[in-house]
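**Student:** Below is the sequence, then the predicted model.
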Amino acid sequence: MKSQTPAVGISTQYEDETSVSYDISCECTDPDHAHNLTVEIDADGLISVNISAILTTPFWSMNRWKQIWTILTTGSIQVQESVILSKQSALNYSEALRASVERLEK
């Protein structure tokens, strides 16, 4: 199996000389499950990879007051996110990341 261009499940949203941004679609087709992948290079040549998604808390396992108390006492709360990808989409995802880093380093 080889990566594709244009890629199944991945679309380029923004591209310039210092950054590239992609939308990664979930196979379930729910837009709330999509990931946004941004690869950037700074003036020192350091690459940063940012993956943003809509996160959900396991609200069904604890009530809101317990969640609030956990945030107040620990400063954090457990969240979870997943994206369902076909084999082809997963390969395209990894290739987009690899190719972005290679392009930005030049």
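**Tutor:** Received it, and whenever you're ready, just let me know what you need.
**Student:** drop to CA atoms for contacts and neighbour counts, all remaining ones
**Tutor:** Noted.
**Student:** what about the residue sitting nearest the centre point of the chain, which SS state?
**Tutor:** Closest to where the C-alpha atoms of the chain average out (CA atoms, centre = their mean) is residue 51, at 3.2 Å. What DSSP: H, G, I helix; E, B strand; the rest coil gives for residue 51 is strand.
**Student:** Tell me how far the spatially closest residue to it that is not a sequence neighbour lies from residue 100.
**Tutor:** Nearest non-adjacent residue to residue 51, counting by CA to CA, 6 or more residues apart in numbering: residue 37, 4.6 Å away. According to CA to CA, to the nearest Å, residue 37 and residue 100 sit 10 Å apart.
**Student:** just the strands in this protein please.
**Tutor:** Listed in chain order, the strands of the chain (DSSP state E) span 10-15, 19-24, 35-41, 47-52.
**Student:** so who does the residue of the chain most remote from its centre touch?
**Tutor:** What lies farthest from the middle of the chain is residue 65; by CA atoms, centre = their mean that is 29.8 Å. Neighbour list for residue 65: empty [criterion: CA atoms under 8 Å, 6 or more residues apart in numbering].
**Student:** With residue 76 instead?
**Tutor:** residue 70.
**Student:** and the longest helix seen in the chain, average pLDDT?
**Tutor:** For the chain, the helix with the greatest residue count under DSSP state H is helix 87-105. Mean pLDDT, helix 87-105: 87.
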